[in-house]
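model the following, please.
(one chain, ligands or ions: 2)
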Amino acid sequence: MKVLVIGGGGREHALVWKISQSPMIEEIYCAPGNAGIAQIARCESIGVLDIEKLAEFALKNEVDLTVVGPELPLTMGIVDYFESLGLKICGPGKDASELEGSKAFAKNLMKKYRIPTGEYEVFSDYVQAKNYLKEASYPCVVKADGLAAGKGVIIVSDRVEGDAAVELIMKKKSFGKAGDRIIIEEYLEGEEASFLAFTDGKFLLPLPTSQDHKPIYDGDRGPNTGGMGAYSPAPVITDALHQKIMEEIMIPTVRAMDAEEKKFKGIIYAGLMIKDEKAKVLEFNIRFGDPETQPLLLRMKSDLIPVLLSIAEERLSRVKIEWDQHPSVCVVMASRGYPGNYEKGKEILGLEDAEKLYGVKVFHAGTALNGGRTVTSGGRVLGVTATGKGIDEAIDLAYQAVKKISWEGACYRRDIGKKAQTEARIKI
Ligand code: AMP
Ligand code: GLY
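Ligands and ions are numbered 1, 2, ... in the order given. So this is what the prediction gives:
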């Protein structure tokens with residue numbers, strides 16, 4: 001089989017790495033890819049939004065299956081376009097992608113189908129939003145409706161901050177058209193976790209649980225990023241809670257999408273807030289998480305290709321997946337300045353030494369080749385990922401590997417996985 005993976009981050013390196021182990025694979029292409037992906041796949045410099053060119057490439061190279069990493073091509077309708085040309089592709093169509101593409105759509109769906117989430121109001125009128133803030137209880141959360149690369153969410157602690165957030169999103173248009181509508185939402189306390197499942201629109205197959213670390217600094221301080229590290233499983237999701245999440249959130253959401261004639265096929269990812277053994281949805285994503293995919297795929301023992309194919313062909317109920325019981329941890333190494341303006345072009349040293357450690361895999365994100373040297377080319381540069389017998393060993397191995405890698409200005413959090421250690425100890 002020939003497979004095309006779309007994207008060029010750590011998530012896509014993990015996907016290409018996992019797919020490359022399938023005995024069904026004859027050739028893997030990746031567009032645009034990165035320096036790590038180029039070691040195991042043929043990279044093609046086509047942008048992820050250039051849907052026509054991607055389809056042309058898939059047709060010309062007789063690609064049997066396309067896998068989409070990022071959300072934007074999905075919300076733009078890449079799946080509908082590929083399918084109209086007879087190309088097999090794994091992911092939701094344009095209509096179903098609204099689940100991530102519009103927070104107002106997702107919140108209204110949850111309200112209609114009684115899926116647990118925070119209280120909220122939607123506004124397309126600036127004055128009405130400002131009036132609402134006069135009566136609101138604080139803290140609350142102001143969100144741009146559309147896609148804003150994880151940055152369109154502002155937690156405000158009083159009316160002054162609330163007014164400023166509404167101004168930023170609706171008047172200054174800091175997130176462009178994504179801010180034409182906003183949501184003002186109840187602030188939820190608790191611990192966050194990521195819950196991903198494969199679905200063909202009828203049947204759901206959950207992946208193990210995981211947890212991201214969004215803020216840039218240790219102790220969850222500082223501005224939000226795309227994710228500074230992740231681990232799997234997330235002990236905060238107990239077996240009983242897992243069942244409840246499937247019954248009250250995941251299955252009802254996929255059914256609701258079907259009932260709304262927006263059948264969802266692909267990977268459904270619920271960002272959850274957990275408190276007192278209860279989960280509420282913060283947001284839905286329509287794709288694999290980044291960096292959650294790195295530790296998740298390190299734990300996947302089964303071949304990924306039959307799973308992805310059975311989603312595209314709507315026969316997922318016949319698939320079984322085996323997972324490694326050992327936990328895994330991914331520490332993201334980033335460029336100095338990220339998530340603001342960051343440096344690029346710094347030579348990365350020590351990659352081979354890091355990967356010599358047993359149980360360690362270094363996934364590339366923002367890397368490029370420059371005259372035979374691997375250099376930084378993005379904010380998040382590497383996802384240094386490890387499995388261990390227990391969470392302590394996985395953390396230890398990941399950080400041992402991190403310490404072998406260097407470039408000028410490399411930054412990373414020192415506390416990835418700490419919450420899982422604390423949870424595990426509380427349970428003992
Ligand atoms: P979202 O893109 O909606 O998941 O929001 C990004 C991040 O903002 C989440 O991962 C949370 O850390 C935070 N957040 C979003 N909504 C809420 C909420 N209602 N209460 C507390 N924190 C939130
Ligand atoms: N890890 C957060 C995301 O993929 O959106």
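
for Ser22, pull up the helix or strand it's in.
Taking DSSP states H and E as the definition, Ser22 sits outside all helices and strands.

correct me, but it touches Leu304?
Yes - Ser22 is within contact range of Leu304, at 6.7 Å (criterion: C-beta atoms under 8 Å). From N, CA and C alone the C-beta is placed, and that goes for glycine too.

show me which of the two is the more surrounded one.
Neighbours per residue (other C-beta atoms under 10 Å) separate Ser22 from Leu304, with Leu304 holding more: 19 against 16.

tell me who's in contact with that one.
Contacts for Leu304 (C-beta atoms under 8 Å, 6 or more residues apart in numbering) come out as Leu15, Lys18, Ile19, Ser22, Leu297.

redo that, cut-off 7 Å
Going by C-beta atoms under 7 Å, 6 or more residues apart in numbering, Leu304 touches Lys18, Ile19, Ser22.

tell me the SS of the first one?
To tie it back to what came earlier, the one meant is Lys18. Using DSSP: H, G, I helix; E, B strand; the rest coil, the structure places Lys18 in helix.

alongside ligand 2, which residues does the chain contribute?
Proximity of the chain to ligand 2, by C-beta under 6 Å from any ligand atom, involves residues Gly150, Asp212, Gly227, Asn285, Gly289, Asp290, Glu292.

who wins for neighbours among the residues you listed?
Among the residues of the chain next to ligand 2, Glu292 has the most neighbours (other C-beta under 10 Å), with 30 neighbours.

quick check: that residue touching Ser210?
Yes - proximity of Glu292 to Ser210 meets the contact threshold set by C-beta atoms under 7 Å, at 4.3 Å.

can you list residues touching both of the two?
The contact sets of Glu292 and Ser210 overlap at Ser194, Ala230 (C-beta under 7 Å, 6+ apart).

what's the burial count for the residue nearest to Phe203 when sequence neighbours are not counted?
Spatial nearest neighbour of Phe203, chain neighbours left out: Ser317 (4.2 Å); criterion: C-beta to C-beta, 6 or more residues apart in numbering. Ser317 has 11 neighbours, counted by other C-beta under 10 Å.

for the one 3 residues further on, same thing?
Lys320 is surrounded by 8 other residues when neighbours are defined as other C-beta under 10 Å.

now do the SS call for the closest residue to it other than its chain neighbours.
Distance criterion C-beta to C-beta, 6+ apart; nearest residue to Lys320, sequence neighbours excluded, is Ser302 at 7.3 Å. Counting by three-state DSSP, the backbone at Ser302 sits in coil.

and Ser302, how close does it get to ligand 2?
Taking C-beta to the nearest ligand atom, to the nearest Å as the measure, Ser302 and ligand 2 are separated by 22 Å.

close to ligand 1: what parts of this protein are there?
Contact residues, the chain versus ligand 1 (C-beta under 6 Å from any ligand atom): 118, 141, 143, 150, 153, 155, 185-188, 192, 214, 271, 282-283.

which of the residues you listed sit farthest apart?
The most widely separated members of the residues of the chain next to ligand 1, counting by C-beta to C-beta, are Gly150 and Glu186 (19.8 Å).

returning to that earlier point: show me the residues of the chain next to ligand 2 that map onto strands.
Those of the residues of the chain next to ligand 2 mapping onto strands are Asp212, Asn285, per DSSP state E.

from the residues of the chain next to ligand 2, which one has the minimum pLDDT?
Among the residues of the chain next to ligand 2, Gly150 carries the lowest pLDDT, at 73.

enumerate every residue touching the residue nearest to Gly379 when sequence neighbours are not counted.
Counting by C-beta to C-beta, 6+ apart, Gly379 lies nearest to Tyr338, which is 3.7 Å off, once chain neighbours are set aside. Residues near Tyr338 by C-beta under 7 Å, 6+ apart: Thr225, Gly379, Arg380, Cys411.

which residues are common contacts for Ser22 and Leu304?
By C-beta under 7 Å, 6+ apart, no residue touches both Ser22 and Leu304.

where in the chain is the helix or strand with the lowest mean pLDDT?
Within the chain, confidence by mean pLDDT, DSSP states H and E is lowest for helix 418-427 among all helices and strands, at a mean of 72.

how far is stretch 63-70 from where the chain is centred?
The chain centre lies 16 Å from the centre of stretch 63-70; the measure is C-alpha atoms, centre = their mean, to the nearest Å.

sorry, that was for stretch 77-91
Put simply, stretch 77-91 sits 21 Å off its chain's centre (C-alpha atoms, centre = their mean).

just to revisit the earlier point, how much space separates the residue nearest to Gly379 from Tyr217?
Separation of Tyr338 from Tyr217 (C-beta to C-beta, to the nearest Å): 12 Å.

could you do Ile184 as well?
Between Ile184 and Tyr217 the computed distance is 27 Å (C-beta to C-beta).

quick one, which of the two is more surrounded?
Between Ile184 and Tyr217, counting by other C-beta under 10 Å, Ile184 is the more crowded of the two (21 against 15).

state the number of residues packed around Val166.
Val166 has 23 neighbours, counted by other C-beta under 10 Å.

which ones are touching the nearest residue to it once chain neighbours are set aside?
Distance criterion C-beta to C-beta, 6+ apart; nearest residue to Val166, sequence neighbours excluded, is Ala129 at 4.9 Å. By C-beta under 7 Å, 6+ apart, the contact set of Ala129 is Phe123, Val166, Met170, Ile182, Ile184.
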